[in-house]
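A.B. asks: how would this look folded up:
(chains A and B)
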Amino acid sequence: MLKIIIWTIAVVTVLGLVLALVLFLVAKRFKVEEDPRIDEVEKAMPGANCGGCGFAGCRAFAEAAVKAPNLDNNYCPVGGNETMAKVAAILGYEVKEKAPMVAVVRCNGTCEARPRTNNYDGFASCKVKAALYSGDTGCSYGCLGCGDCVNACQFGALSMDPETGLPVVDQEKCTACGACVKACPKHIIEVRPKGPRGMREFVSCVNRDKGPVAKKACANACIGCGICAKTCTHEAIVIEGNVAYIDPAKCKLCRECEAMCPTGAIHGVNFPKPLDKEAIKERIKARQQKAKEEKKDE
Amino acid sequence: MSKNTFSIGGVHPHDSKISRGCAIEQLPLAPTVYLQLSQHIGAPAKPIVAVGDKVKVGQPIAEPGGFVSAFIHSSVSGTVKSIAPRPDLAGIPQMCIEIAVEGDEWAPGIDLSDTLVTAIPEDNKAIVEKIRLAGVVGLGGATFPTHVKLSPPPGSKCEMIIINGCECEPYLTSDFRVLMEKGEQVVVGAAILSQVMGGVPCTIAIEVNKPEAIAHMEEVIGKLGYKGISVMPMKMRYPQGSEKQLIDAVMHRQVGSGALPISVGAVVQNVGTALAVYDAVQKNKPLVDNTLSVTGECFPRQANLLVRVGTPIKYIIDYLGGVPEDAVKVISGGPMMGKAIANLEASTLKGTSAILFLTAKQTLRAPESGCIRCGKCADACPMGLEPFLLQRLARANDMEALEQNAAQDCIECGCCLYSCPAHIPLLDIIRQAKGAVLGAIRARAAAAKAAAEAK
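C.D. replies: Numbering: from 1, shown residues only, chains lettered A, B, ... in the order given. Model (predicted):
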C-alpha cells in the first residue's frame, strides 16, 4: 500500500516538473510582443465594454487607439474628456475636447395624449412589435413602449415611466454610449450635446405625418406648422418631412420656440426658471412690431 | 385516405371550415375604394392617373415599378380623389389611390359574360404578356407577380405545374368555394399555365377534407378533356399549401435553401391565381376582385364574398352586420399565418384571403415559461430548423450563428409556436431575426456587387 502511495506521488511530481519546464520553454519561445501601452490605455478606460466607441470593447479600443496616428476617430463617450485626456497622455497625442452628450427621447406621446387604438399581446419587444405593425396608437412613428432601450442600457440610465409609457433618461447616469439609439426600431432616441449646465432644447417628436393626421393621433405631436422656425432668430430650426429639428450647435437656448409651439412638442430641460410663455410671447411681439416699423421707415 | 404529404414536420390544427357551405356572394360596391400601390412582392407600382381623372373598372391606374412588380387596375368606376399615404392593415402609411365610386362602368374589351371559353390561344408569349397586363399576382398569400413566375430564367426547365388547392389554413374556405363554383374556369386556367410552361403535366392538389371539391374537379377535368391535368388528394397537414412543402408532397423533391421552385422543375400557382389567369387570358378581365372568407365562431354571418380590390375592411364587416361583441382580434388571413388587423379603415389587397374574428378565449396567450428542450418545435418545423435554438440565438443577437442555423429559411408558418408546451413566442422572435439575417445577406450581396463593379 505504502509503495503505491510513494510511487504515485513521485510520478505526479516528476510529471508536473517536466510539464512546467515545457510550458516555460514554450512561453519563452513563442512570446507575443505586445505594445505595453495597450495595457496602460485599457487600464485608463472605464471598462464597461459597451461598444459605444464603435469597437468591440475597451481592449479593442485600446488596440485601435495605439495603432492610430491620432485620436480624431477614437473617442470614448462613456469616459468622456477625462478618460481621453489620460489616454492622450499615455500615447502622447493631442485630444480635442468634445462637448458632453446625453440621450434624449424624441417622443412625448404620453398615454393621455396618444389614445390607444389597439392592444398588443405578443412578445414584449419593440423590435418584434415594430416588425408586425405600427403600434398601439394612431401614431406610426412614436415610442412602442416595450423597453428595448431600457434593456440595451448597461448603465441603468433608462427606465420606463409607467404613467406616460415612455422611457425616461437619467442624465446623471447616461454616458451617451448610443446603445439605446441602436436598439430603438423607431429611431426616437438621439444623442445630443448636454448643453451648458445641462440646459438643452429639443423637439420631442419624430412624427412625419401631415399636421392634421399627426394631431389626430397624438395631442403632443409636432405638426410641422413651422411657427418655431419662423420665430427662431438663430436659424437653428429646420422643418423636414413635417417635423421640426433643432440644431444644437446653433440653438442659443432663448426658449422662444418652446413658448410658441402650439402642441408643446418642444421641450426645454434643466432651465433654472419655469417657462414664462406670456412674457416670451410679449417679447417676440414687441420685436416683430419694431421690425415692422423699421421696415416702414425705410 | 390519402397519404400524400410533405416529408418533415407539420402540425394538424382543427380545420374549423365553418363557412364551407356559404356560396360566393357579390359584395355591393363600397362608396370609396383605396388601392394600395404596393400590394405585391417587389417594387411598388407607379401611378399613371392624376387626381380628378375619371376611371373605369379594369382600367390600369398604376404601372409596374420594376421587373418584379405588377400593374394595378381600378376595381371600380369613378373619380380619382387623391394619391396619398394611408395607413394599411398594419397601420403603417402606404401610398394609396383613392377612388370615389360612381356607377359600375367597365373598360371596353372586357368580356363579362358567363360563357366558358375553352379554346386556348396558341401564342405563349402573348398569353404571358396578357397576364402581365392584367396585373395577376399569386393569390396564395405571397402575391408574387405571376408573369415573373411564368418566365423562368434561362437554363431552368419546368416539369410540372402544381395548382395549389390545399387551403391547409384553418377557417379559410375561399379556394374551396372557387373550386366548387368556378371549377371549369380553374381547369382552363390550369391548362393555360401548363401550355405556357411547355405542355407540362399539371396537378391540382386538394386536401382530403374537401371531398366534394376533389370529386367535382375530377368530373370537370373529365368533361373538359384537357390532357395532362389530374387531381391529387392530399393528407390534411399544415403547412401543406406552402410552396416548398407542396412540391415535396407532390413531386418528392426538395427546394434548396434560397432557391426557387423552378430549380427543381416546379411552378406552383394557387387556385385563385389559376382563375385570375383564366379571366385575364380568355376574358380580358384584369385582376380587380378576389374571393375572401369572412368567418369565425363568434361571427354569426359567415360568408364567402367576391370583393373588389381596395374595399375598406370596415365596409365589408358592416355589410355583414358589424364586428361581433366578443371578438377581440380581427385577422387578415388564416389563424396560423394571418396577421391581426390593426386598422379596420384599411382596404383589402389583391392577396387578402379572409377576415377572421377570434374571441379572447381563442387568442389567449398563456404566460411564457422556460424551454424544457422537449424538441417539439424541431419536430414540427417543416423546414427542418431548430426553433428553440434560433430563438436563443435571436435573443442573444448572434447574427452569424443565426445565419449558420438557417434562420433565413423560416417560412413563418407558426408550427413551432403552435406546438410549444412552454408557450414561448418562438415565431415572434424568429421572424424578426429572419428579417435581420436576410437584410445582412442582401447587404453583403450588394457590397460584393459594388466591389465587383468597382474592379
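
A.B. asks: which outside residues touch the helix or strand where residue B:35 lies?
C.D. replies: According to DSSP states H and E, residue B:35 maps onto strand B:32-36. Under the criterion C-beta atoms under 8 Å, 6 or more residues apart in numbering or on different chains, residues B:61-62, B:72, B:74-76, B:81, B:86, B:88, B:94-101, B:308-312, B:346-347, B:349 lie in contact with strand B:32-36. Placement of C-beta: from N, CA and C, glycine included.

A.B. asks: now the helices: where do they sit in chain B?
C.D. replies: B:124-133, B:146-149, B:174-181, B:183-196, B:211-224, B:243-251, B:271-283, B:313-319, B:360-363, B:376-380, B:387-396, B:399-404, B:415-419, B:426-454 (DSSP state H).

A.B. asks: helices and strands around the longest one, which ones?
C.D. replies: If contacts are counted by 3 or more C-beta pairs under 8 Å, 6 or more residues apart in numbering or on different chains; DSSP states H and E, helix B:426-454 sits against helix A:126-132, helix B:387-396, helix B:399-404, helix B:415-419.

A.B. asks: so can I have JSON lines of those helices showing mean neighbour count?
C.D. replies: Below are these laid out as JSON lines (neighbours: other C-beta atoms under 10 Å in any protein chain shown):
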{"stretch": "helix A:126-132", "mean neighbour count": "21"}
{"stretch": "helix B:387-396", "mean neighbour count": "21"}
{"stretch": "helix B:399-404", "mean neighbour count": "15"}
{"stretch": "helix B:415-419", "mean neighbour count": "23"}
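
A.B. asks: Of these, give the one that comes closest to residue B:330.
C.D. replies: Closest to residue B:330 of the helices and strands packed on helix B:426-454 is helix A:126-132 (C-beta to C-beta; 14.4 Å).

A.B. asks: Can you name every helix or strand that the closest one contacts?
C.D. replies: helix A:148-152, helix B:426-454.

A.B. asks: circling back to that earlier point, compare the helices of chain B and give me the one nearest residue A:188.
C.D. replies: Among those, helix B:426-454 sits nearest to residue A:188 (C-beta to C-beta), with 18.3 Å.

A.B. asks: State the mean pLDDT of that closest one.
C.D. replies: For helix B:426-454, mean pLDDT is 92.

A.B. asks: Show me which positions of it end up buried.
C.D. replies: B:426-434, B:436-437 (16 or more other C-beta atoms under 10 Å in any protein chain shown).

A.B. asks: report the angle between the axes of it and helix B:387-396?
C.D. replies: Using axes from the mean of the first three to the mean of the last three C-alpha atoms, to 10 degrees, the inter-axis angle of helix B:426-454 relative to helix B:387-396 is 70 degrees.

A.B. asks: what's near enough to touch the residue in the stretch 151-300 of chain B positioned nearest to chain A?
C.D. replies: Nearest residue of the stretch 151-300 of chain B to chain A, counting by C-beta to the nearest C-beta: residue B:298, 17.0 Å away. Applying C-beta under 8 Å, 6+ apart, we find residue B:298 in contact with B:324, B:326-327, B:357-359.

A.B. asks: List only buried entries from those residues.
C.D. replies: B:324, B:327, B:357-359.

A.B. asks: Distance to residue B:444 for those - can I get that in TSV?
C.D. replies: Listed next are these as TSV, based on distance: C-beta to C-beta, whole Å:
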residue	distance to residue B:444
B:324	48
B:327	44
B:357	43
B:358	40
B:359	45
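
A.B. asks: Which pLDDT value does the model give residue 34?
C.D. replies: You didn't say which chain, so I picked chain A. 82.

A.B. asks: My question was about chain B, not that one.
C.D. replies: Residue B:34 is given a pLDDT of 95.

A.B. asks: So what pairs up with it in the strands?
C.D. replies: On the basis of DSSP bridges, residue B:34 is bridged to residue B:98.

A.B. asks: State the number of residues packed around it.
C.D. replies: Neighbour count of residue B:34, defined by other C-beta atoms under 10 Å in any protein chain shown: 23.

A.B. asks: Tell me, domain by domain, which residues of chain A belong where.
C.D. replies: Following automatic domain parsing, one finds the domains of chain A at A:36-91, A:101-282.

A.B. asks: Relative to residue A:214, how far out is the closest residue to chain B within chain A?
C.D. replies: Here chain A gets closest to chain B at one residue, residue A:134, 3.2 Å apart by C-beta to the nearest C-beta. According to C-beta to C-beta, to the nearest Å, residue A:134 stands 13 Å off from residue A:214.

A.B. asks: One more: residue B:360?
C.D. replies: 32 Å.

A.B. asks: Tell me which of the two has more neighbours.
C.D. replies: residue A:214 (26 against 12).

A.B. asks: name the element that one belongs to?
C.D. replies: Here residue A:214 is assigned to helix A:211-217, by DSSP H and E.

A.B. asks: Next: residue A:250.
C.D. replies: Using DSSP H and E, residue A:250 falls within no helix or strand.

A.B. asks: Repeat that for residue A:38.
C.D. replies: Going by DSSP H and E, residue A:38 is in helix A:36-44.

A.B. asks: can you list contacts of that helix?
C.D. replies: A:58-59, A:61-63, A:65-66, A:79, A:83, A:86-87, A:90-91.

A.B. asks: and stretch A:34-53, how far apart are its ends?
C.D. replies: Using C-alpha to C-alpha, to the nearest Å, one end of stretch A:34-53 lies 22 Å from the other.
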